[in-house]
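# output the structure for:
(5 chains, ligands or ions: 4)
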Amino acid sequence: MAAFLHRRAGVRLSLLLSAPLAWLGLAYLGALAALFLTAFYGTDTFTGELIRTFTWANFQDLVTTEVYRTIALRSLGVALAVTAIDLVVAFPMAFAMAKLASPRSRRWLVIAVLTPLWASYLVKAYAWRVMLSSGGLLGWGFGVTATILTLAYLWLPYMILPIYAGLERLPDSLLEAAGDLGARASRVFRTIVWPLAFPAVVAGSIFTFSLSLGDYIAVKIVGGRSQLIGNVVYDNIGAANNLPFAAAVATVPVLIMLVYLAAVRRTGALENL
Amino acid sequence: APAPGRSGFAPPKIDALQSVGTGEGQVNLVAWAGYVEDGSTDPKVDWVTPFEQATGCQVNTKIAGTSDEMVNLMRTGEYDAVSASGDASLRLIAAGTVAPVNTSLIPSYTDVFDGLKSKPWNSVNGVAYGVPHGRGANLLMWRTDTVKPAPDSWSVVFDPASPYKGKVTAYDSPIYIADAAVYLMATKPDLGIKNPYALDDKQFQAAVDLLKQQKQIIGEYWSDYTKEIQAFKSGDSVVGTTWQVIVNVAKGEKAPVEAVLPKEGATGWSDTWMVAAKAAHPNCAYKWLDHIISPKANAQVAEYFGEAPSNAKACQETADAKHCETFHATDEAYFSKVHYWTTPIAQCLDGRTGVTCKDYAEWTRAWTEIKG
Amino acid sequence: MPDQEAAVGLRGLRKDFGPVTAVDGIDLEVRDGEFFAMLGPSGSGKTTVLRMIAGFETPTAGTVELGGRDVTRLAPFERDVNTVFQDYALFPHMNVLANVEYGLRVKRVARAERRERALAALRSVRLEGFEGRRPGELSGGQRQRVALARALVNRPRVLLLDEPLGALDLKLREEMQVELKELQREVGITFLFVTHDQEEALTMSDRVAVFDRGRIEQVGTPAEVYERPATAFVAGFVGTSNLISGAAAEKVLGRPGTYSVRPEKLRVVLGESAAAGPDEHAAAGTVAEVVYAGAATRFVVDLDAGGRLIALQQNLQVSSMDVMALRGARVRLVWQRRHEFAIT
Amino acid sequence: MPDQEAAVGLRGLRKDFGPVTAVDGIDLEVRDGEFFAMLGPSGSGKTTVLRMIAGFETPTAGTVELGGRDVTRLAPFERDVNTVFQDYALFPHMNVLANVEYGLRVKRVARAERRERALAALRSVRLEGFEGRRPGELSGGQRQRVALARALVNRPRVLLLDEPLGALDLKLREEMQVELKELQREVGITFLFVTHDQEEALTMSDRVAVFDRGRIEQVGTPAEVYERPATAFVAGFVGTSNLISGAAAEKVLGRPGTYSVRPEKLRVVLGESAAAGPDEHAAAGTVAEVVYAGAATRFVVDLDAGGRLIALQQNLQVSSMDVMALRGARVRLVWQRRHEFAIT
Amino acid sequence: MNLSRTARLLFRLALVAGLGVIYVPLLVVLLNSFNADRTFAWPPTGLTLRWWGAAWESTGVRDALWTSVRAGLGATAIALVLGTMAAFAVQRYRFFGRDTVSLLIILPIALPGIVTGIALNNAFRTVLEPFGVGLGLFTVVVGHATFCVVTVYNNVLARLRRMGGALEEASADLGADPFTTFRLVTFPMMRSALLAGGLLAFALSFDEIIVTTFTAGAGVRTLPIWIFENLFRPNQAPVVNVVAAALIVASVVPIYLAQRLSSDVGAH
Ligand SMILES: Nc1ncnc2c1ncn2[C@@H]1O[C@H](COP(=O)(O)OP(=O)(O)OP(=O)(O)O)[C@@H](O)[C@H]1O
Ligand SMILES: Nc1ncnc2c1ncn2[C@@H]1O[C@H](COP(=O)(O)OP(=O)(O)OP(=O)(O)O)[C@@H](O)[C@H]1O
Ligand SMILES: [Mg+2]
Ligand SMILES: [Mg+2]
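Residues are numbered from 1 along each chain as shown, chains lettered A, B, ... in the order given. Ligands and ions are numbered 1, 2, ... in the order given. As a prediction, this is how the structure comes out:
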């Protein structure tokens, strides 16, 4: 058996790939394909049954109704803002953890960053609601800004960890070499640290970006009167039972993410998650 | 006059149960959170265990978050009974998912308020499809320290020049369009709205426009009651729609609030326990229906969930002697001003023919557009 | 040569890492234009000294002077030295040209001049045509030369090299040794070179400092260090140390103590007869092992007086076949007295 | 010795990696009990051959025989060979004893016997008392010995060693060379040894195969390979090849062609006068460079006839100070004719 | 990069400030779990242990916690198997479409949860229901495993890359067949990577709400779902804070253990 497998690299590879590909390639991609297929169906609004006849109607609605564009752009803006804030906050933290902290304290810092992941997402969002409400710790009120802040807070660890890992892998000797060649700290950062940590940054941004793009709960808690694309999807499936239209709306974040993934694929970020 | 209840469409022919035999040992329920409590959330809140002990029917519950989830869950055929709201019940009936209920097999039914029997959302052509569970109205709440004088009209939340701009709140759901329709019924009679859930193009557009205008003064939309109580307590919201239970809790937390059923009337809800057409445990289901509207259990649910009980005798069983009074349980005049939530469908619910009304999918899209 | 002209001056230099004393009080002067080697076993503190000169570590005590100026507190980018790192530390995201240009770029040298000087530096390390490659696409020897060009292009006062040839194959290392030496002559820059390979230190450098446990044991020309080691440690570390001690010393040399003779100073004479000259010593023994090494043969001889000596003999005339037959033969080892040195 | 008794037999062995031919048709026989070295520059295919013998790579063509049995298609765990890897590949999560016991454990040798044999193997590499340590807690030389014990404890027919000393310091490497050689004598197992260090190959092995670009250029004893190199490549790779060719050859040797003389065969005679003996050749030139290497000195001499020769001279009597003065001096290089060999 | 004293100080300050930002809201949660006010009025009007008592007595919390643990363990187990297999295939073999595999594995986490949620929901209902299999814990596990694979995959991939094939070759060389090699060498070497990946997978699953919403079946209430249901009920919201506060405290133990174990030999 073992000797047989030894001589058949192809068989070994197929065995290894079979389960993951069946699961993700067939089941998951299949489910996605089926979902987007229904985007071309209609629905009986009274009984909620699908009407399986091909129609562009859902996409026509999506494209021609201005409000969906507004919401899509707002969601994109929120996701970008969250990513930018997380990057600005996470990078110095990750840098201090990876390059300034002693190896002993590093372990504790990683724990400190990981711990909040276990406190429920909802509870943390509500804690922000409490802090943002008038008379609260911050008292800044609710709205898009509050949503951005809350989401940035929720996803911050997902940005810190990849950047930390990326910076830790960066040999100190490269930074020393740059200093040795006459570069000051800011320049070392610009020419060495940033380009080499960039794939890790992109990896972190995949998390913050996609998690923000798909969120519909935090915005309900701190968003005031605003809504995001996730709410539209959710309302259509959850409240209106209109799966075809929900699927059509869902293509928007999916397309955005696919474009994003395609763009960052070459940076090697996908191996840094 | 047509028979009470919905008319105009013919549900599939399904026979009601003729007699209740011994229980099957278990029953599977689909319910709103708080309707089926077995002490797991709070040991003091438990009306399932006594039922299980008395009937030998073990209760399995699936909590549904929305009416649509209820419809979908019931369609799987795994469940015996459901606590459907008015915006789900008709769909269940029309699809043949639930069967008519033989109310003579449910002794407690006799004590149910007449104002809840044979209503458009729980019966068709005089045939009952379930037993009423409880009811409540969507009231107008305000903070007494900031909102003066005390409002008695919805105009306070629709007036674009409201002094409370940015602190007005509204319920975050497409069904809230009906609240605007109720207001329009009173303020713009020439639109001819008879039923806030049956809106033709023009009427619908008017309601939507009103809400878009309202959005300018909204601070936030609320969807859960912790959020609303907190907003009123902190002063982030000072006026807006509410439920009686929210008013009570907020007052309990010493928030300076009051609530009223405004003069234009209001929307509200009334839930119905229904039995699946293909129920695997029909006997236990009937026993559950009888139990949940029996005075004691009905009182417990009403108090825990914060609504008016459906059983008149429940008012003697409440822990808080004034519960029925607070929730206007016996006040039929009060509830006559309430338009219970019903699913808007293309076929106008007010009996009009020749026009199509906006269905719920379009309400949903409009709601998205209103929020922008 | 007066102090202020020394390219590098270290005074009482000391570095502690917590409880570990890596460098334990070092005084050293490296002259301008010298090829200076720091030789020592692993962990003896060579790298730490280099890093203090470059400015990557701050001394616990003592000062670092460059060209007579105290730079102890200056940052690396403020010091006129450049380093060739042991792992080269080439920037993986820049091509060869950009790597070499880096130092000029941060000093805001104009683009045209920068390019010209970088290309000249690449030419001097014989890497024309490789400008566009990434470090990952180069072999070890090529990377080493890029690292060299990247440092040299800045024309530093002192070039620090931390085992720059350590990662290379023997053959390539030998070639690079020659090249490096020639390059240093050409550019005339002071080279401060760390190695643990004594032959490398001897063949390449003008002077050598031998390190042990954070201290310098001896500083001198290769010949001084090799032929007149100051301590037992230096004798042992720089070259094979043939020790004669105790009873053997009394018998063979006629005096107590421990003495050492280098293998190449021993003549191997067949048979028992050969008498030692007036300035010579001799010891009889049996050949335990003959090791053929191409250019030379090593004889491992067990002395009758006790102990074991190794004698090296250049394969000038003898054929390898002949010498192999000597295993087990009786021989006498003869050497000049002046080549013995006492070990303290 | 008949074929079937060869410890390792390779016939027409070939390995392609995509477009790259790493091993290009090799025939080789390694005798039982031999210490056999495979010598060659980086990338010449030595490791690939070793990996095919061990079973990690499948040959593109040709066969591998062990003790006369064709094992070409067998998996590594079915072959009676063991390997000492260049980086040792010790299991970091097991202690020294568990590492050494590993091979016996997977062969289900009883616990008591296993322990006993492992301890014996550790004794043979002088590592008693280290049983409980993790590989991470050992020095390079100690790790190397654990790797050796781990392989030897299985008493394989053949032991494959891929540059086992490559990662060690020079000083330590020299010590280990001696130990390894002694160990092989003791256990009597066939050692097949890969190295790119020609001195290592010459001093340690019974026979050497010199590799170049996937082919074997020459197989022979160290002396054969060193003194009678079959090709120019062998001449150059095994030792320094001093080439005399073209016009220089005509002038100095009186015949056309390319010839080589080893540096240690050249006598350096000061001045112009010294006449060559009847069996000798001589060439006049100027000393361009004197490189002191401790035990010997290298003279780089530019010949008047053209070309450059390196002469090696053992520092037997001469003091280094004297020889250094010779830079720029006029000298004659004299050598015996029999030490010239023609390069093809 | 030889930073100036000031720069070092600034970076350290950024770290401390960042950790402050991370922990202040958590302190608010902790404080609110003692807040006498049901709706977390700020500042707290009074402190009480009442909610901790209520949480202790709530069997719903315990059931939900247990459900979450089971879902998390199930999803983690599947993710460990699938992620490891995929990582081995990608790291140890060259084949057509190798890049696509990593993209495929990243996709479930890169696409918004609601998309994955409704896609799986739709698929489960059309594929499973005809067989009489409804949504349940099983479907939650399947949904979670789908997006958890990536964490294991990445950790194992990184470890395999660092480990190289030398140790496995050494094992084969010493006579061990591939199964023995996996048991004695490969697996022990990967253990800390599996632990780190598994822990992250478990954490992802444990706090997942969106996909869970769409894949949970009858009576399946994971902790986030329980929190979702109860946070919006004034009588229960403070109890939710208790649960969250308790979780934060309790989570330190597994994270610490994992950190310890993952910094063992395999990591170097
Ligand atoms: N950053 C550090 N922290 C703690 N100890 C250190 C540090 N750097 C070096 N050391 C210790 O200081 C001593 C000297 O180290 P150093 O690297 O200077 O030696 P070296 O002579 O360069 O050795 P090698 O030849 O192995 O490079 C060693 O004992 C080493 O362990
Ligand atoms: N797995 C592989 N895939 C592709 N090419 C390979 C592979 N292994 C070796 N080669 C190529 O085969 C040739 C021979 O390599 P090999 O490692 O056998 O050389 P070597 O003589 O051991 O060199 P070194 O002294 O550097 O170890 C080289 O050109 C190398 O690049
Ligand atoms: Mg060093
Ligand atoms: Mg090799």
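
# how many other residues sit next to residue 180?
No chain in the question, so chain A it is. Residue neighbour count, defined by other CB atoms under 10 Å in any protein chain shown, stands at 28 for A:D180. The way it works is simple: take the backbone N, C-alpha and C, and place the C-beta from them, glycine included.

# looking at chain C here, not the other one
23.

# could you pull up phi and psi at it?
When read as degrees, to the nearest 10, the backbone of C:L180 gives phi -60, psi -40.

# which ones are touching it?
With contact taken as CB atoms under 8 Å, 6 or more residues apart in numbering or on different chains, C:L180 is in contact with C:148, C:164-165, C:191, C:204.

# just the ones of those residues in helices?
Mapping these onto helices (DSSP state H) picks out C:148, C:204.

# kindly indicate which of the contacts of C:L180 lies nearest ligand 2.
Closest approach between the contacts of C:L180 and ligand 2, by CB to the nearest ligand atom: C:L165, at 15.8 Å.

# find the closest residue to chain A in the stretch 151-300 of chain C.
Closest to chain A within the stretch 151-300 of chain C is C:N154: 6.7 Å, counting by CB to the nearest CB.

# how much space separates that residue from C:R185?
Distance, C:N154 to C:R185, by CB to CB, to the nearest Å: 19 Å.

# that older thread, surely the residue of the stretch 151-300 of chain C closest to chain A is in contact with C:Y102?
No - C:N154 is beyond contact range of C:Y102, at 9.2 Å (criterion: CB atoms under 8 Å).

# more neighbours, these two?
More crowded of C:N154 and C:Y102, by other CB under 10 Å: C:Y102, with 26 against 23.

# can you name the residues that contact the residue lying closest to that one once chain neighbours are set aside?
Distances taken as CB to CB, 6 or more residues apart in numbering or on different chains place A:L181 nearest to C:Y102, at 5.3 Å, with adjacent residues excluded. Residues counted as contacts of A:L181 (CB under 8 Å, 6+ apart) are C:77, C:82, C:102-103, C:106, C:150-151, C:154.

# which ones are touching the residue nearest the centre of chain B?
By CA atoms, centre = their mean, chain B has its centre lying nearest to B:W269, at 2.2 Å. Shown in contact with B:W269 (CB under 8 Å, 6+ apart): B:85-86, B:135-136, B:138, B:340-341.

# coming back round to it: quick one: which of the contacts of A:L181 is nearest to ligand 2?
Minimum distance to ligand 2 across these is 24.8 Å, recorded for C:R150 (CB to the nearest ligand atom).

# ok, the residue nearest to that closest one when sequence neighbours are not counted to A:E176 distance?
Of all residues not flanking C:R150 in the chain, C:V100 sits nearest, at 4.9 Å (CB to CB, 6+ apart). Distance of C:V100 to A:E176, given as CB to CB: 17 Å.

# cool, C:P229 as well?
34 Å.

# looking at the two, which is more packed in?
The neighbour count for C:P229 versus A:E176, taken as other CB under 10 Å, is higher for C:P229 (25 against 21).

# part of a helix, is that one?
No - the assignment for C:P229 by DSSP: H, G, I helix; E, B strand; the rest coil gives coil, which leaves it out of any helix.

# buried sites along the helix or strand hosting A:R104?
Using DSSP states H and E, the element containing A:R104 is helix A:103-114. Of all the residues in helix A:103-114, those buried under the rule 16 or more other CB atoms under 10 Å in any protein chain shown are A:106-107, A:109-110, A:112-114.

# I'd like the next helix or strand past that helix.
helix A:121-132.

# what parts of the stretch 51-200 of chain A come near chain B?
Contact residues, the stretch 51-200 of chain A versus chain B (CB under 8 Å from any CB of the partner chain): A:61, A:65, A:67-68, A:70-71, A:126, A:129-130, A:133-136, A:141-142.

# the residues you listed, buried ones only, as a ChimeraX selection?
Selecting only the buried entries of these in ChimeraX, with 16+ other CB under 10 Å as the criterion:
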select /A:67,68,71,126,129,130,133,136,141,142
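
# which residues touch E:G46?
By CB under 8 Å, 6+ apart, the residues touching E:G46 are E:35-37.

# hmm, I typed the wrong one, I wanted C:L66.
C:L66 is in contact with C:7-9, C:53, C:79-81, C:157-158, counting by CB under 8 Å, 6+ apart.

# which of the residues you listed sits closest to A:I206?
C:R79 (41.4 Å; CB to CB).

# helix or strand next in line after the lengthiest helix in chain E, which one?
With DSSP H setting the assignment, residue counts place helix E:59-92 as the longest helix in chain E. Later in the chain than helix E:59-92, the nearest helix or strand by DSSP H and E is helix E:98-110.

# ok so, going back, the longest helix of chain E - what's its average pLDDT?
For helix E:59-92, the mean pLDDT works out to 91.

# distance between it and the chain's centre?
8 Å (CA atoms, centre = their mean, to the nearest Å).

# helices along chain B, start to end?
B:49-55, B:67-75, B:86-94, B:155-158, B:177-187, B:201-215, B:225-234, B:244-252, B:282-292, B:295-305, B:323-326, B:332-336, B:360-371.

# now mean pLDDT too, for the ones you listed, in a markdown table please.
Compiled in a markdown table, the helices of chain B are given as follows (pLDDT from 0 to 100):
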| stretch | mean pLDDT |
| --- | --- |
| helix B:49-55 | 92 |
| helix B:67-75 | 78 |
| helix B:86-94 | 82 |
| helix B:155-158 | 91 |
| helix B:177-187 | 93 |
| helix B:201-215 | 93 |
| helix B:225-234 | 84 |
| helix B:244-252 | 82 |
| helix B:282-292 | 93 |
| helix B:295-305 | 89 |
| helix B:323-326 | 87 |
| helix B:332-336 | 87 |
| helix B:360-371 | 87 |
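
# hang on, the earlier thing: which elements pack onto the helix or strand where the residue nearest to C:R150 lies?
Using DSSP H and E, C:V100 maps to helix C:96-106. Taking 3 or more CB pairs under 8 Å, 6 or more residues apart in numbering or on different chains; DSSP states H and E as contact, the helices and strands that helix C:96-106 lies on are helix C:111-124, helix C:140-152.

# ranking those helices by mean pLDDT, which is last?
When these are compared by mean pLDDT, helix C:140-152 comes last with a mean of 89.

# for the next helix or strand after that helix, what is the average pLDDT?
Downstream of helix C:140-152, the first helix or strand assigned by DSSP H and E is strand C:158-162. Averaged over strand C:158-162, pLDDT sits at 93.

# now the angle between helix C:140-152 and strand C:158-162, please.
In terms of direction (axes from the mean of the first three to the mean of the last three CA atoms, to 10 degrees), strand C:158-162 departs from helix C:140-152 by 150 degrees.

# hey, where'd the helices end up in chain A?
A:2-7, A:9-20, A:29-38, A:57-64, A:66-95, A:103-114, A:121-132, A:144-169, A:172-180, A:185-188, A:194-213, A:218-222, A:229-234, A:243-264.

# do chain E as well
Ranges of helices in chain E, per DSSP H, are E:5-32, E:50-57, E:59-92, E:98-110, E:113-123, E:137-163, E:166-173, E:178-181, E:187-206, E:210-215, E:223-231, E:237-262.

# and the ones you listed: which comes nearest B:A280?
Evaluated over the helices of chain E, closeness to B:A280 peaks at helix E:137-163, with 20.6 Å, by CB to CB.

# which one of the residues in the stretch 51-200 of chain E is closest to chain C?
Ranked by CB to the nearest CB, the top residue of the stretch 51-200 of chain E for proximity to chain C is E:R161, at 14.9 Å.

# just to revisit the earlier point, which one of the helices and strands packed on helix C:96-106 lies closest to A:S18?
helix C:140-152 (40.7 Å).

# is that closest one anywhere near ligand 2?
No - applying CB under 6 Å from any ligand atom, one finds helix C:140-152 separated from ligand 2 by no less than 9.3 Å.
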